[in-house]
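>>> here is the input, now give the coordinates:
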Amino acid sequence: MMQRDAMLKQLGYLPNGALLGQLERIENNTTGYEKISKHIMDLHDALKVDNSYVAMSNTNDYFKIKIEAPSKEIEEEAHAKIRHFSDKFKVTVNQLDNKKTYYILGFHH
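Below you'll find the model as predicted:
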């Protein structure tokens, strides 16, 4: 499993005790985390070109995917990448009502 410090840095955070604790809670809360952690990082990298990213949620102990695309076309591309990630790696994602935000809930069989 990827080291927590490295994962935080890849997501753009400066590791500290509070963030490491939050990441540990997210790991424990995300079903099958060890199976999908690498895919979450790959999704984060793939979304960067769409002005979108994976981050830690401030309100729930989950990773969130935030789409901040500058145009409708790029936004659709980001949604398509998230659907592909979900289908290919059997990851449950939950899109928030009327928002361009998803939570990564975990691996499903």
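
>>> and residue 86, how far from residue 42?
Applying Cβ to Cβ, to the nearest Å, the value for residue 86 to residue 42 is 13 Å. (C-beta placed from N, C-alpha, C; glycine too.)

>>> quick one: which of the two has more around it?
Between residue 86 and residue 42, counted using other Cβ atoms under 10 Å, residue 86 has the larger neighbour count: 18 against 14.

>>> check which helix or strand that one maps to.
helix 72-89 (DSSP states H and E).

>>> elements contacting that helix?
helix 33-48, strand 63-67, strand 91-95 (3 or more Cβ pairs under 8 Å, 6 or more residues apart in numbering; DSSP states H and E).

>>> where does the nearest residue to residue 32 once chain neighbours are set aside fall, phi/psi-wise?
Among residues not flanking residue 32 along the chain, residue 107 sits closest, at 2.8 Å (Cβ to Cβ, 6 or more residues apart in numbering). According to degrees, to the nearest 10, the main-chain angles of residue 107 amount to phi -80, psi 140.
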